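Participant: Here's my sequence, what's the structure:
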Amino acid sequence: MTADYSEEAATAAELLAEAGMTVTLTYATESTYTPGTGVTKVEATESAAGVLLEYSISDRNGTDIKQHDKRLLVAPTLARTPQKGDRFTIAGEAYQVIHNNVLAPTGVPLLHDVQVRR
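Facilitator: All right, here's what the predicted structure looks like:
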């Protein structure tokens, strides 16, 4: 029998909405090529609640997590799982997704723990 984490996912979304802010995920949905003008990317956006945090000094190894990288906790309400190369807009600033650790014990996301970089 698989555990049902839907209540936990709703609680996580609620807590992040209370403690955080709205963050916007932007990602490419498709690319088209037009002769003479080149490649055009079509982008989509989604919003969710999130909290932007600093990494601890011990987490910053200079290789995987650089000095100015941030940790973004995002509610599980996104239809798309953030992927490397996607962008988040947070308080008017653009951040690129470097890595996303999804907390999903039964395959249903409870939280996105995203490493972002400006």
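Participant: what's the weakest-modelled helix or strand in this protein?
Facilitator: Lowest on mean pLDDT, DSSP states H and E among the helices and strands of the chain sits strand 21-34, with a mean of 90.
Participant: Torsion angles phi and psi at the residue of the chain most remote from its centre?
Facilitator: Centroid-distance maximum for the chain: G36 at 34.6 Å, with CA atoms, centre = their mean. Dihedral pair for G36: phi 90, psi -30, per degrees, to the nearest 10.
Participant: Now do the buried residues in stretch 66-73.
Facilitator: 69-73 (16 or more other CB atoms under 10 Å). Where C-beta positions appear, they are placed from N, C-alpha and C, glycine not excepted.
Participant: give me the low-pLDDT residue ranges for the chain?
Facilitator: Low-confidence segments of the chain (pLDDT under 70): 1.
Participant: need the strands for it, in chain order.
Facilitator: 21-34, 38-54, 70-74, 87-90, 93-103, 111-117 (DSSP state E).
Participant: roughly how far out does the fourth one sit from the chain middle?
Facilitator: A distance of 8 Å separates the centroid of the chain from that of strand 87-90, by CA atoms, centre = their mean, to the nearest Å.
Participant: quick one: strands adjacent to that strand?
Facilitator: The strands beside strand 87-90 in its sheet (DSSP bridges) come out as strand 21-34 (antiparallel), strand 93-103 (antiparallel).
Participant: Compare those and report which one is nearest to L78.
Facilitator: strand 21-34 (6.1 Å; CB to CB).
Participant: so how far is the closest one off the chain centroid?
Facilitator: On CA atoms, centre = their mean, the centre of strand 21-34 falls 13 Å from that of its chain.
Participant: Other residues contacting that strand?
Facilitator: With contacts defined as CB atoms under 8 Å, 6 or more residues apart in numbering, strand 21-34 is touched by 39-52, 72, 74, 78, 80, 82-83, 85-91.
Participant: still on that earlier bit, distance to E7 added to the strands of the chain, as TSV?
Facilitator: Formatted as TSV, the strands of the chain follow (distance: least, CB to CB, whole Å):
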stretch	distance to E7
strand 21-34	23
strand 38-54	17
strand 70-74	18
strand 87-90	26
strand 93-103	15
strand 111-117	14
